[in-house]
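Colleague: what's the 3D shape of this:
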Amino acid sequence: MDYQRIVSELLEENTYIVYQDKKCLIIDPGLGFKLFKQFIEMEQLTPVAVLCTHAHFDHVAGVSECLNEYKVPFYLSEKSKPVIDNFELMSNYWGINSVKPVVTNWISSDTNKLMIDNFDIQIFHNSGHSPGCVSYIINNLIFCGDLIFKGSIGRTDLPGSNPGEMESSLRLFKKTFSDLNYKLLSGHGDESSTFEEFKTNPYLNVI
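Modeller: Numbers count the residues shown, from 1 in each chain. You can find the predicted model right below:
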């Protein structure tokens, strides 16, 4: 299995194309569908699903274009519904003409695993930055959205953010993965690892 990080055209958000056996998942497709399509065509991949770690506009702006092009299901936490329902408001705020995506597969709060085609995906629920934030664990990769960044964590001063839930999510994340070294693929910035962040990230050292 391999992956490609593509920096989208809004807020330098990271979109990931995860692929094996010529099948791929599109994780957090932000603004810049032509960039995703170019890579998918270059590698001759067949998308099988779109998954989003949460529903902030910079992470979902390109979902509808992906769904229209590839006719695949779209997975999102059910707790993200209040956020995705405000899609048009956020689209207008950023001055971007983007169509609200239709969620075909809501991820329930008690769902901790998905099997999509040949992808075995573990789900870690980590609200705080936004309602319904989740991380997707595939093999030794954690696509953690805006939970943890290299040397930092996601904001908790946005509408719908909850600092208390964020602290609880970080504590549980640290407890769950403290003895394991996974590659950490965030929603913004460079990649890191659980080993590095638990050792050097000041926000994780104090919890």
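Colleague: Format the CA atom coordinates belonging to the helix ranked longest in the chain as PDB.
Modeller: Longest helix of the chain, by residue count under DSSP state H: helix 163-177. What follows is helix 163-177, C-alpha atoms only, in PDB (Å, rounded to 0.1, in the frame of the first residue of the first chain):
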ATOM      1  CA  PRO A 163     -11.700  22.200  24.300                       C
ATOM      2  CA  GLY A 164     -12.800  19.600  26.900                       C
ATOM      3  CA  GLU A 165     -13.600  17.000  24.200                       C
ATOM      4  CA  MET A 166     -10.300  17.800  22.500                       C
ATOM      5  CA  GLU A 167      -8.300  17.200  25.700                       C
ATOM      6  CA  SER A 168     -10.200  13.900  26.200                       C
ATOM      7  CA  SER A 169      -9.600  12.800  22.600                       C
ATOM      8  CA  LEU A 170      -5.800  13.600  22.900                       C
ATOM      9  CA  ARG A 171      -5.600  11.700  26.200                       C
ATOM     10  CA  LEU A 172      -7.300   8.700  24.700                       C
ATOM     11  CA  PHE A 173      -5.200   8.900  21.500                       C
ATOM     12  CA  LYS A 174      -2.000   9.000  23.600                       C
ATOM     13  CA  LYS A 175      -3.100   6.100  25.700                       C
ATOM     14  CA  THR A 176      -4.100   4.000  22.700                       C
ATOM     15  CA  PHE A 177      -1.000   4.600  20.600                       C
END
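Colleague: Put the alpha carbons of the following helix or strand past that helix into PDB.
Modeller: Going down the chain from helix 163-177, the next helix or strand is strand 183-186, by DSSP states H and E. The C-alpha trace of strand 183-186 is given here as PDB (Å, rounded to 0.1, in the frame of the first residue of the first chain):
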ATOM      1  CA  LYS A 183       3.100   7.400  10.700                       C
ATOM      2  CA  LEU A 184       1.000  10.400  11.400                       C
ATOM      3  CA  LEU A 185      -0.600  12.100   8.400                       C
ATOM      4  CA  SER A 186      -2.300  15.400   9.400                       C
END
